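Colleague: Curious how this folds, go ahead:
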Amino acid sequence: YQRRVHGDSNLEIDNIQMASSSFPNLPGYVPTHDCTKTNWKKVSHDHLSKVTNPKNADVPLYALPRKPEPDLPPAKDPKSLSYSQTQFSNPNGPDIKEKFEPNFVKLDKQVLRFYGYFQESVAECALETSKIRKVDFRYYLDDSTLSISEPKQVNSGTPQGIFLKRQMVLKSDGSGLKVSPSDFKVCGDITIYGRTYHLYDCDQYTREFFANIQQPQPEAEEAPTDNFEKKPQREIKVHDRDFVEHTLGGVRVQSQKQFLDKDRKVLRFFAKSEDLPYTIHYFLADDTIEVKEVHFSNDGCHPYPQLLKRQKLLKNPGGMFQPGQIPLVQEYINEADFFPDKPWEAYSRKFEILSVDGFTSQYYEKKYGRKFAIGNLDPPKPGEPMPLVVPPYNGFGNEQDSLGYVYKLVPLPPKKDFFKFVDNDKVVLRYSAKLNTTIQEDLERRFIISYYLADNTVSVYEPPVRNSGIEQGKFLERKKYKNVTGLRDFIEPGDLIVGGQVIINSYPFQILSVDKYTEEWINANLKQLFIRNIKPVSYTHL
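Modeller: Next up, the predicted model:
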C-alpha cells in the first residue's frame, strides 16, 4: 500500500490497493487502522447528517483573540453537596481549575468573515458586458466548514442569497486537503469549485484572529463597481410595488413587525345602530375591521352572522372610481378614530359605542388616555306573554291530537295510561237507551251505548227493528265524546245513570237499563264514580 505523510504527527492513509485480505475487519487488524487513535465512539447517522464533518476528523485548536463566555449552571451551595460531589486534590500534580472542553466546544460560534467578488460576463446586453458580484465568505472554525452568500440587490435580475451552502470545501490544487484559514488573504485570490474570487476586505474579529497567530492581514482595498451600480436607481413607490406584487399573485403585510407584535390582539366595541346591537372588531395585526350582528332569542331578526366582513375601511370612500381615477394615497380608518363620546361611522352608517371589553379599555387608556365603559350588550327585556287562546274543537279527528298543535310546533302523540289500559282491557259497560225527542218517528228507536273503560271511549249501536223503515247498525263511532252538561271534559261512567239523560254528540239519550255485568260493576265501584245519591240498580235485560 501507499502512504502519504503530511506534517510530523498526522498520518493519513489515502490510497490502499489490496486484492483480498483474510484479516478480520477489527481495529488493529486492518491496514487502514490508525495506531494513534484511541477513541472509537460510534456516531449516529442523525448526528452525521447535521454535522458537516462526516469523517469526524480532529479540529485543530487555534489561539482565539477573545474566548467565548462559558455558559455554566449556577454554582451550588456547599452545604447541599453530597460526599460523592466533594472535590479532592490531585495527588499527581497541581489541581485542575479549568473544566475540560473539546476543541469544537471552544471554537463554537467562532467565525472568520471575508469580503470578495468575482466578475461574470453578460451576453447580449447593451448596458454592460460584465458585472461584479460581491459575496461574503464565512469560515467556521469548529468544523472547518465554509459558506458563501451574496447580498441581495433591488432589481438586479439575478437570483441572490445563499451562494454556497455550509460544507467542507477541498482545495483546488488536487491535494485532497480541506480549505484552511491560511488560504484566505486580503488582496489575494482563492479558487473554490472552479470559480476564482478576489478578497478585498475582512471584518475586525478576523483581523484580530490572524494578528494573534502572527499572520496579519493586509489593509483593505476598494471593491470595483459595475455599470449597474453606477446607474442611478429609480425609486420604486409603495403603491407601484404593491400593484406588481398583487399582479404576480402575492400579498404582503405592510409591516411584518406589526403582524408579529400584535397578532391575535383585537379591540372589541359594543355598539348600537338603528336600535340594533352590533359588535365591532378591530384587528391590530393588519388594521382591518369587521362588524358582527348580535342576536338574542326571539328577537325577530334573521340570524345573519356579519353586517360587514373583515376589511380595511376608507375614511372617505367617495363613491365608485373609474379605471385611472383611484387616488394613489388613500387614508384608512385606524384605531385612533374610535372615541367614547362620538359615534363611529362606516359607509354613512353611524354606530353609537356603548361599551368595550377589558383589554380594549386598558389599551386606549394607556395609549390615548381615553376611558371607555367596560361592559357587554344586555339582552332585551322579554315582552309580555300573550294569553294562550285554545280554539274550539271542530269535531274532526281526536281532540287531544288537535290540541298538540296548539301547545307545540312539533306535537307529540298523546300519552296513554298503560296500566289503566291493561287493567281494564276488554271491560265494556253496556247501556240501553232511547232518544229523548218529540219527533214521532224517533220515539220507538232503541240504542245500545257501549262504554270502554280501557280508553274512556263510547260507541252507539242501533239494533234492527222490524218494519221500522230505519237502517240499523253503527250510529256513532267509537271515540271520546265531550260532556256538554257535566263538569268533566269527556263522558265518564258516572254520567251514564239509569233513568238519567246524557248528550252524546248533540243527541240526547235517556238511559233505560243496563246488563248484568254493568250492574255488578256499578255496585262494586260506586265510590270510584264520585256520584252521590245513587242507589244500587236492579238487573234489567237490555
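
Colleague: Residue 294 - how many residues pack around it?
Modeller: Counted with other Cβ atoms under 10 Å, residues neighbouring residue 294 total 17. The C-beta positions use only the backbone N, C-alpha and C, and glycine is treated the same way.

Colleague: Please look at it and residue 279 and confirm they touch.
Modeller: Yes - counting by Cβ atoms under 8 Å, residue 279 is a contact partner of residue 294 at 5.7 Å.

Colleague: Need the overlap of contacts for the two.
Modeller: Common neighbours of residue 294 and residue 279 (criterion: Cβ atoms under 8 Å, 6 or more residues apart in numbering): residue 377.

Colleague: Helix or strand: which one has the residue most central in space within the chain?
Modeller: By Cα atoms, centre = their mean, the mean C-alpha position of the chain lies nearest to residue 264, the distance being 12.3 Å. Residue 264 is part of no helix or strand, with elements assigned from DSSP states H and E.

Colleague: Let me know the pLDDT of it.
Modeller: In the prediction, the pLDDT value recorded for residue 264 is 90.

Colleague: ranges for the helices of this structure?
Modeller: Ranges of helices within the chain are 45-50, 103-106, 204-212, 227-230, 238-247, 256-262, 358-367, 399-407, 418-423, 516-524, based on DSSP state H.

Colleague: Could you say which one of those comes nearest to residue 156?
Modeller: The stretch from the helices of the chain with the least distance to residue 156 (Cβ to Cβ) is helix 227-230; that distance is 7.0 Å.

Colleague: Remind me what that closest one packs against, helices and strands.
Modeller: Of the remaining helices and strands, those touching helix 227-230 by 3 or more Cβ pairs under 8 Å, 6 or more residues apart in numbering; DSSP states H and E are strand 130-140.

Colleague: tell me the mean pLDDT for the strand it packs on?
Modeller: Here the mean pLDDT over strand 130-140 is 93, rounded to a whole number.

Colleague: Contacts for that strand, please.
Modeller: Applying Cβ under 8 Å, 6+ apart, the contact partners of strand 130-140 are 110-122, 145-151, 158, 163, 166, 179, 181, 184, 197, 199, 223-229.

Colleague: And stretch 225-232, by the same measure?
Modeller: Here stretch 225-232 has contacts from 127, 128, 130, 131, 132, 153, 156, using Cβ under 8 Å, 6+ apart.

Colleague: returning to that earlier point: what about the residue nearest to the centre of the chain, distance to residue 336?
Modeller: According to Cβ to Cβ, to the nearest Å, residue 264 and residue 336 sit 21 Å apart.

Colleague: same question, residue 222
Modeller: With distances defined as Cβ to Cβ, the gap from residue 222 to residue 336 amounts to 49 Å.

Colleague: Same question for residue 383.
Modeller: Residue 383 sits 41 Å away from residue 336, going by Cβ to Cβ.

Colleague: can you check residue 124 too?
Modeller: Between residue 124 and residue 336 the distance, using Cβ to Cβ, works out to 54 Å.

Colleague: Neighbour count: these two, which is higher?
Modeller: Using other Cβ under 10 Å as the criterion, residue 124 and residue 336 rank with residue 336 on top: 10 against 5.

Colleague: of all the contacts of stretch 225-232, which two lie farthest apart?
Modeller: By the measure Cβ to Cβ, these have their two most distant members at 130 and 153, which lie 15.8 Å apart.

Colleague: which stretches of the protein aren't confidently modelled?
Modeller: Under the criterion of pLDDT under 70, the regions of the chain flagged as low confidence span 1-59, 67-88, 90, 93-100, 233-255, 319, 323-328, 486-488, 528-542.

Colleague: Nearest residue to residue 210 in space, ignoring adjacent ones along the chain?
Modeller: Using Cβ to Cβ, 6 or more residues apart in numbering and skipping the chain neighbours, the partner closest in space to residue 210 is residue 217 (5.1 Å).

Colleague: I'd guessed that neighbour sits against residue 208; true?
Modeller: No - checked against Cβ under 8 Å, the pair residue 217 and residue 208 is beyond contact range at 9.9 Å.

Colleague: Looking at the two, which is more packed in?
Modeller: Just comparing residue 217 and residue 208: by other Cβ under 10 Å the higher neighbour count belongs to residue 217, 20 against 14.

Colleague: ok, now which ones touch that one?
Modeller: Residue 217 makes contact with 185, 186, 202, 206, 207, 210, 211 under the criterion Cβ under 8 Å, 6+ apart.

Colleague: Then residue 382?
Modeller: Taking Cβ under 8 Å, 6+ apart as the criterion, residue 382 is in contact with residue 298.

Colleague: how close does it get to residue 296?
Modeller: Relative to residue 296, residue 382 is positioned 10 Å away (Cβ to Cβ).

Colleague: Centre of the chain to the edge, which residue is at the far end?
Modeller: Outermost residue of the chain with respect to the C-alpha centroid, by Cα atoms, centre = their mean, is residue 467; its distance is 87.5 Å.

Colleague: Could you measure from the residue nearest to residue 128 when sequence neighbours are not counted over to residue 152?
Modeller: The shortest distance from residue 128 to any residue other than its chain neighbours is 4.1 Å, reached at residue 227 (Cβ to Cβ, 6+ apart). As for residue 227, its distance to residue 152 is 19 Å (criterion: Cβ to Cβ).

Colleague: more neighbours, these two?
Modeller: More neighbours sit around residue 227 than around the other of residue 227 and residue 152, counting by other Cβ under 10 Å; the figures are 14 against 10.

Colleague: Tell me how far residue 219 lies from residue 183.
Modeller: Counting by Cβ to Cβ - residue 219 and residue 183 are separated by 19 Å.

Colleague: Compare the two and say which is more crowded by neighbours.
Modeller: The residue with more neighbours, out of residue 219 and residue 183 and counting by other Cβ under 10 Å, is residue 183; that gives 17 against 9.

Colleague: Hmm, residue 190 and that one touching each other?
Modeller: Yes - under the criterion of Cβ under 8 Å, residue 183 is in contact with residue 190, at a separation of 6.0 Å.

Colleague: can you put the contacts of stretch 225-232 in JSON lines and add distance to residue 371 and neighbour count?
Modeller: Shown next, in JSON lines, are the contacts of stretch 225-232 (distance: Cβ to Cβ, whole Å; neighbours: other Cβ atoms under 10 Å):
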{"residue": "127", "distance to residue 371": "62", "neighbour count": "10"}
{"residue": "128", "distance to residue 371": "63", "neighbour count": "14"}
{"residue": "130", "distance to residue 371": "66", "neighbour count": "13"}
{"residue": "131", "distance to residue 371": "61", "neighbour count": "19"}
{"residue": "132", "distance to residue 371": "61", "neighbour count": "17"}
{"residue": "153", "distance to residue 371": "51", "neighbour count": "14"}
{"residue": "156", "distance to residue 371": "53", "neighbour count": "14"}
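
Colleague: Next, the distance between the ends of stretch 179-193.
Modeller: The distance separating the two terminal residues of stretch 179-193, taken as Cα to Cα, to the nearest Å, comes to 12 Å.

Colleague: Name the residues of that stretch that come out as buried.
Modeller: Across stretch 179-193, burial judged by 16 or more other Cβ atoms under 10 Å covers 179, 181, 183, 184, 185, 186, 190, 192.

Colleague: mind checking how far the second one is from residue 101?
Modeller: Taking Cβ to Cβ as the criterion, residue 181 is separated from residue 101 by 21 Å.

Colleague: can you check the fifth one too?
Modeller: Residue 185 is 30 Å from residue 101, where distance means Cβ to Cβ.

Colleague: how about the strands of the stretch 401-542 of the chain, start to end?
Modeller: With DSSP state E, counting those that start in this stretch, the ranges of strands along the stretch 401-542 of the chain come out as 428-435, 446-452, 457-462, 473-479, 501-504, 507-514.
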